[in-house]
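# need coordinates for the below:
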Amino acid sequence: MNSAADDQRELAATLVDRARDVASELSARAGAAEEQRHIHAESFRAMKEADLFRAYTPARFGGYELHPRHFWRIAAEIAKGCPSSSWVYSVMSCHSFVVALFPEQAQEEVFGADPNAGVSGILPDRSTATRVDDGYILKNSVWPFASGCHNADWILLGAQLPGMPPGHDKAFFLVPPDDIVINDDWYVTGLRATGSNSVRLKTDDYFVPGHRMLKAETALAHKWGTSRPLLYRAPFAALLVVSLSAGTTMGAAAGALEFYEDLLQTRSARPMVYTEDIPKIRLSSTHHILGDATAKLEAARLMTDHACDLCYEAAVNNDKVLNSEQRARIRLYGVHAMHLCREVVNILFQDSGGSSLHERSRMQRFHRDINAMSMHEAMHEEIIKEVYGRLRLNLPTTHWLL
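Numbering: from 1, shown residues only. Take a look at the predicted model:
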């Protein structure tokens, strides 16, 4: 009989194959999606119909509760076709993980209606919410960078709880998309098609039922025994950062490497300008770049898998709670792997020649998008290095997303 791990591998292989098929469809729409500044409804529907959004949905609702090392490979295949679509997929899947920590009634509303539900939103607190009978009054505000908001089935909004002590004063609220307004303000050079507009509520004092609220401290708790399904015992912040960063950047880097090799093999037979009949494929600098990019990408893959395994091992061994330094180490590995992928794309883009600047070139999209991804505040490499270094030396840190 197959073990649970074997079943997961077989399922993951099927989902990766489906993602590869969907990616070719997304690639054909990538340019048009950038023009309209959010992914097409058809593209979103294709990912849903392939059941890709079930990856982090609880099994009791028909989800797959995938190991994170399987999840990032799905996102990577999508990214080869359209990094923006992969970013939206990753963001929404991470939010599905968050929703899986909400009260059962909220999960039933989201996943019971659609196991492939797409959840957009912004988790950092941008407003305040006051407790009232049966729920909360959420003050209107502007929540920026709501990737995928045009296609969302639900919206997650972060808010502060006034009067609560630090560490207990942040919460997430589930809001139907019909109750929000999308501000038309996503005019950017990278990740253009993610539709990461800011959003606001349609009313200034918005009532949210109590079951649609999750305190951040509940999500960040590190010891749950068997009261949560296995996947959701993993360290919340570490898993989310690795899942958001890894697949999309790994796929963009792998796509850029494929583009570069194709350029060498099929379009670089003519001699380089200002050389004595030496084609690009025979330049020693080309060989060095190819080796360097391959090594960096493989290092990123191994580091990402290690970070994913550490997350899952923490879930399996939930009685042994990871300390802050261990959780920060997982984030350090995930973020460093992401920046290795960015280095790969930047090196290959620089050496691909002026033709890669053209809008029809996939390379310029990989280049713009991966540099945009690395600017996400949760992926700031210098910050997480400092946080880890301080914790390693038993010094305090004010960084709460651990």
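
# thought residue 82 was touching residue 30?
Yes. At 4.4 Å, residue 82 and residue 30 qualify as touching, with contact defined as C-beta atoms under 8 Å. C-beta here means a position set from N, CA and C on the backbone, and glycine is covered the same way.

# tell me where the longest strand sits in this protein.
In the chain, taking DSSP state E as the definition, the longest strand is strand 119-132.

# ok, residue 143 to residue 382 distance?
26 Å (C-beta to C-beta, to the nearest Å).

# cool, and residue 58?
For residue 58 relative to residue 382 (C-beta to C-beta), the value is 36 Å.

# same check on residue 321?
The value you get for residue 321 to residue 382, if C-beta to C-beta is used, is 28 Å.

# quick one, which of the two is more surrounded?
residue 321 (14 against 9; other C-beta atoms under 10 Å).

# mind checking the SS state of the more buried one?
coil (DSSP: H, G, I helix; E, B strand; the rest coil).

# what sits against residue 341?
Each residue near residue 341 by C-beta atoms under 8 Å, 6 or more residues apart in numbering is listed here: 249-250, 252-253, 296-297, 300, 370.

# most surrounded residue in those residues?
residue 249 (35 neighbours).

# nearest residue to the middle of this structure?
Geometric centre of the chain, nearest residue: residue 244, 2.1 Å, by C-alpha atoms, centre = their mean.

# and that residue, what does it touch?
Per C-beta under 8 Å, 6+ apart, neighbours of residue 244: 90-91, 94, 376, 378-379.

# per-residue pLDDT, it?
Per-residue pLDDT puts residue 244 at 93.

# so it is in which element?
helix 236-266 (DSSP states H and E).

# helix or strand right after that helix?
With DSSP H and E, the next secondary element past helix 236-266 is helix 284-316.

# who are the packing partners of that next one?
helix 68-81, helix 236-266, helix 324-351 (3 or more C-beta pairs under 8 Å, 6 or more residues apart in numbering; DSSP states H and E).

# what angle do it and helix 236-266 make?
Relative orientation of helix 284-316 and helix 236-266, computed by axes from the mean of the first three to the mean of the last three C-alpha atoms, to 10 degrees: 150 degrees.

# if we can go back for a sec, any chance of the helices and strands packed on helix 284-316 in CSV, plus distance to residue 213?
Below are the helices and strands packed on helix 284-316 laid out as CSV (distance: least, C-beta to C-beta, whole Å):
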stretch, distance to residue 213
helix 68-81, 26
helix 236-266, 16
helix 324-351, 24
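
# those: which one's closest to residue 130?
helix 236-266 (25.2 Å; C-beta to C-beta).

# list the buried ones in that closest one?
Within helix 236-266, the residues scored as buried using 16 or more other C-beta atoms under 10 Å are 236-257, 259-260, 263-264.

# run the chain-centre distance for it.
The chain centre lies 12 Å from the centre of helix 236-266; the measure is C-alpha atoms, centre = their mean, to the nearest Å.

# and it with strand 119-132, angle?
Using the same axes, to 10 degrees: helix 236-266 against strand 119-132 is 160 degrees.

# run through the helices of the stretch 1-150 of the chain in chain order.
4-36, 41-49, 68-81, 83-99, 104-107 (DSSP state H, counting those that start in this stretch).

# so of those, which one's packed in deepest?
helix 83-99 (a mean of 28; mean count of other C-beta atoms under 10 Å).

# tell me the mean pLDDT for it?
98.

# now that helix, how far from the centre of its chain.
Distance, centroid of helix 83-99 to centroid of chain: 5 Å (C-alpha atoms, centre = their mean).

# now do it against strand 119-132, angle only.
30 degrees.

# using CSV, write down the CA coordinates of helix 83-99.
Output of helix 83-99 as CSV, limited to C-alpha atoms (Å, rounded to 0.1, in the frame of the first residue of the first chain):
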residue,chain,number,x,y,z
PRO,A,83,4.9,35.3,-13.2
SER,A,84,2.0,37.6,-12.3
SER,A,85,-0.5,34.8,-12.4
SER,A,86,1.8,32.7,-10.2
TRP,A,87,2.1,35.5,-7.8
VAL,A,88,-1.7,35.8,-7.5
TYR,A,89,-1.9,32.0,-7.1
SER,A,90,0.7,32.0,-4.4
VAL,A,91,-0.9,34.9,-2.5
MET,A,92,-4.3,33.5,-2.6
SER,A,93,-3.1,30.0,-1.6
CYS,A,94,-1.3,31.5,1.4
HIS,A,95,-4.5,33.3,2.3
SER,A,96,-6.3,29.9,2.1
PHE,A,97,-3.9,28.7,4.7
VAL,A,98,-4.9,31.7,6.9
VAL,A,99,-8.6,31.0,6.4
